[in-house]
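S.K.: generate a structure from the sequence data that follows.
(one chain, ligands or ions: 1)
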Amino acid sequence: MKKVLEVNNLSVSFQTYGGEVQAVRDVNFELHEGETLAIVGESGSGKSVTVQSIMRLLSMPPAKFKSGSILMNDEDIVTMSEAQMEKVRGQEMGMIFQDPMTSLNPTMKIGRQITEGLIKHQGMSKKDALERGIELLRLVGIPNPESRIHQYPHEFSGGMRQRAMIAIALSCNPKILIADEPTTALDVTIQAQILELLRDLQQDMKTAIILITHDLGVVANAADRVAVMYGGKIVETGTVDEIFYAPKHPYTWGLLGSMPKLNDTKKELQSIPGTPPDLKDPPKGCPFAARCPYAMKVCDTYMPEYQHSSDTQKTACWLLDERAPKVNPPENIFVGGVKEHE
Ligand code: SF4
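M.R.: So this is what the prediction gives:
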């Protein structure tokens, strides 16, 4: 599959009154045509800052690229001018957010919001843009698109607004669609419909998707590959099967353990004890050491290198070092059927 994005050694910091927050630290990943990469982690893990860096949506300052590159078509997004970036955002990438109201303009009819980009970036006439807008609304499953296109966002339900936002994001035929917690605000039925819609559109349009979520249920049903982030770093990556059925990192074990299981009779969700590290003064060694039940002396002092368990799975954990004691993942993380799509 063709590579559409390559993130190399990306580090992003924020200048605050309390000091420099190292939100993203030396992050590397690739994205290929037609695949969905889920980036998962608790809030503050750096996942949203990573994708906002890719879209160059962060205010600079206080944010700052400290190092690294974000390559798209062999060009580095990090060093692009704002004019170049506007083109990229209008023609190469689309973004959908958790709350459609943050990206939909409540004072503007849906039609104008869809057609604006088509006229500006694709050079369409008003009439052609309106026709394409109707086609896009139909594509994302909005009934009566001919009349709906003349309505305001508040006249749409939550699920319909999310569909409209997807239509706007797709209007430029983006190579990459970034979806930041796209279904978190929706009820379970609508959530499933939106995920199915994204999957169908992806198959038709070969769009690559970066899906940001803290919900592993969403990951199981939507992703091909997963990057697990913690403390501003990617601590494990693998295919969705590797992450769910052969996870290697204790933080991934913790995330899986805190996920509700189908045959779980206990109603209480298990959370990972402790809190994420302070990224104003990140740990020298493994970022998860303070919460990890398996932490060893070396973990506090030295950051583990990635160990490859397959061509597609790599994990930054000292437990994978040949000198480390053999530790098996806790049994409870595998209980229940998490993959509803199989
Ligand atoms: Fe735990 Fe050490 Fe592995 Fe970090 S490197 S996850 S502290 S065992």
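
S.K.: please count neighbours and contacts with C-alpha atoms only from this point.
M.R.: Will do.

S.K.: distance of the closest residue to V24 other than its chain neighbours from the ligand?
M.R.: Spatial nearest neighbour of V24, excluding adjacent residues (Cα to Cα, 6 or more residues apart in numbering): G232 at 4.2 Å. According to Cα to the nearest ligand atom, to the nearest Å, G232 stands 14 Å off from the ligand.

S.K.: so who does P282 touch?
M.R.: Contacts for P282 (Cα atoms under 8 Å, 6 or more residues apart in numbering) come out as Q22, G231.

S.K.: which residues touch the most centrally placed residue in the chain?
M.R.: The geometric centre of the chain, computed from its C-alpha atoms, lies nearest to I212 (Cα atoms, centre = their mean), at 2.2 Å. Listed by Cα under 8 Å, 6+ apart, the contact partners of I212 are A38, I39, V40, K47, S48, I178, A179, D180, E181, P182.

S.K.: dump these to TSV, plus pLDDT, secondary structure and distance to T237.
M.R.: Compiled in TSV, the contacts of I212 are given as follows (pLDDT from 0 to 100; DSSP: H, G, I helix; E, B strand; the rest coil; distance: Cα to Cα, whole Å):
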residue	pLDDT	secondary structure	distance to T237
A38	95	strand	10
I39	96	strand	9
V40	93	strand	10
K47	92	helix	13
S48	90	helix	17
I178	91	strand	18
A179	88	strand	19
D180	86	strand	19
E181	81	coil	19
P182	77	coil	21
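
S.K.: and for G158, the neighbour number?
M.R.: 18 (other Cα atoms under 10 Å).

S.K.: next: K284.
M.R.: 11.

S.K.: now do the contacts for the residue nearest to it when sequence neighbours are not counted.
M.R.: Using Cα to Cα, 6+ apart and skipping the chain neighbours, the partner closest in space to K284 is T301 (5.7 Å). Residues in contact with T301 (Cα under 8 Å, 6+ apart) are K284, G285, C286.

S.K.: wait, which of those is closest to the ligand?
M.R.: C286 (4.6 Å; Cα to the nearest ligand atom).

S.K.: surely that closest one meets C299?
M.R.: Yes: look at C286 against C299 with Cα atoms under 8 Å: they come within range, at 5.4 Å.

S.K.: which one's more surrounded, those two?
M.R.: C286 (25 against 22).

S.K.: got the buried residues for the helix or strand where R112 lies?
M.R.: R112 belongs to helix 110-122 when assigned by DSSP states H and E. With burial defined by 16 or more other Cα atoms under 10 Å, the residues of helix 110-122 counted as buried are I110, G111, R112, Q113, I114, T115, E116, G117, L118, I119, H121.

S.K.: what distance do you get for the third one to the ligand?
M.R.: Distance from R112 to the ligand, counting by Cα to the nearest ligand atom: 49 Å.

S.K.: the residue nearest to the centre of the chain in helix, strand or coil?
M.R.: Judged by DSSP: H, G, I helix; E, B strand; the rest coil, the three-state class of I212 is strand.

S.K.: my guess is T183 contacts Q193. True?
M.R.: No: using Cα under 8 Å as the test, T183 is too far from Q193 to be in contact (9.6 Å).

S.K.: those two: which is more packed in?
M.R.: T183 (24 against 15).

S.K.: how far away is that one from V218?
M.R.: Here T183 is placed at a distance of 8 Å from V218 (Cα to Cα, to the nearest Å).

S.K.: any shared contact partners between the two?
M.R.: By Cα under 8 Å, 6+ apart, the residues touching both T183 and V218 are L195.

S.K.: buried residues of the longest helix along the chain, list them for me.
M.R.: Across the chain, the helix with the greatest residue count (assigned by DSSP state H) is helix 188-205. With burial defined by 16+ other Cα under 10 Å, the residues of helix 188-205 counted as buried are I190, Q191, A192, I194, L195, L197, L198, R199, L201, Q202.

S.K.: would a markdown table of those with distance to L279 be doable?
M.R.: Converted to a markdown table, those look like this (distance: Cα to Cα, whole Å):
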| residue | distance to L279 |
| --- | --- |
| I190 | 36 |
| Q191 | 32 |
| A192 | 35 |
| I194 | 34 |
| L195 | 33 |
| L197 | 37 |
| L198 | 34 |
| R199 | 35 |
| L201 | 37 |
| Q202 | 35 |
